[in-house]
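Engineer: coords please:
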Amino acid sequence: MGEKISFWVLGVLCFFGSGNVLYAKTLSQNPMPVCTSKTLSLKLEQNMPGSAGMSHENAELILTNKGKKACRLENPPAFAFLDQKKRPFPIASHLEDVSEIRLLPRQSLHLNLRWVSQEVFDDNLCVQTSFLSVTTAHQHKKYIFQHKLCGDKKEGVTAQLNLLNEGETL
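Structural biologist: Sure, this is the predicted structure:
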């Protein structure tokens, strides 16, 4: 009797499992569209109260799907810190991969941009930025961004871009 029940359960699992395989194939044949500059808005919030600390500052980059259909991010946002003449500083950036994230209509993805803002290293290297350039989904924006970024002279100045919320993962 026990063998018949386990065989029946196995048959049910195979039946439902095969349906999921067909569904997965259907999804891969009709991939979700990539977010474009027409469907994705970009906003930068700076100087947020209570957001700084431990010799760090941060800003929030917000990507919002303003389209009527869900879309996925193809690449993480690219950003560059610029001087007064809009030339990029050689600042290393560490980005989380967001290529598997999809945004439903009117859904936003919040990213935290964080950097060291004080001279805390034995051998300091600090730069004073004037602008931040952000590129995503074939959309390019420049923001006034007057901040001090510091790092170790040997390691260089770095900034990190991390997810605050993930929207939905594919």
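
Engineer: send the alpha carbons of the helix or strand hosting Thr64 over as PDB?
Structural biologist: Using DSSP states H and E, Thr64 sits in strand 56-65. The C-alpha trace of strand 56-65 is given here as PDB (Å, rounded to 0.1, in the frame of the first residue of the first chain):
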ATOM      1  CA  HIS A  56      30.700  58.700   5.500                       C
ATOM      2  CA  GLU A  57      28.100  60.500   3.500                       C
ATOM      3  CA  ASN A  58      25.500  59.100   1.100                       C
ATOM      4  CA  ALA A  59      22.900  59.900  -1.500                       C
ATOM      5  CA  GLU A  60      20.000  58.000  -2.900                       C
ATOM      6  CA  LEU A  61      19.600  57.200  -6.600                       C
ATOM      7  CA  ILE A  62      16.000  56.400  -7.400                       C
ATOM      8  CA  LEU A  63      15.000  54.600 -10.700                       C
ATOM      9  CA  THR A  64      11.200  54.500 -11.400                       C
ATOM     10  CA  ASN A  65       9.400  52.700 -14.100                       C
END
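
Engineer: count of neighbours near Pro88?
Structural biologist: 13 (other CB atoms under 10 Å). Just so you know, the C-beta spots here come from the backbone N, C-alpha and C atoms, and that holds for glycine as well.

Engineer: need the contact list for it.
Structural biologist: 80-82, 133 (CB atoms under 8 Å, 6 or more residues apart in numbering).

Engineer: follow-up on the earlier one: report all helices and strands that the strand holding Thr64 contacts.
Structural biologist: Where contact means 3 or more CB pairs under 8 Å, 6 or more residues apart in numbering; DSSP states H and E, strand 56-65 is packed against strand 40-45, strand 101-103, strand 108-116, strand 131-136.

Engineer: So for Gly53, which of those strands sits nearest?
Structural biologist: Nearest of the helices and strands packed on strand 56-65 to Gly53, taken as CB to CB: strand 108-116 at 10.5 Å.
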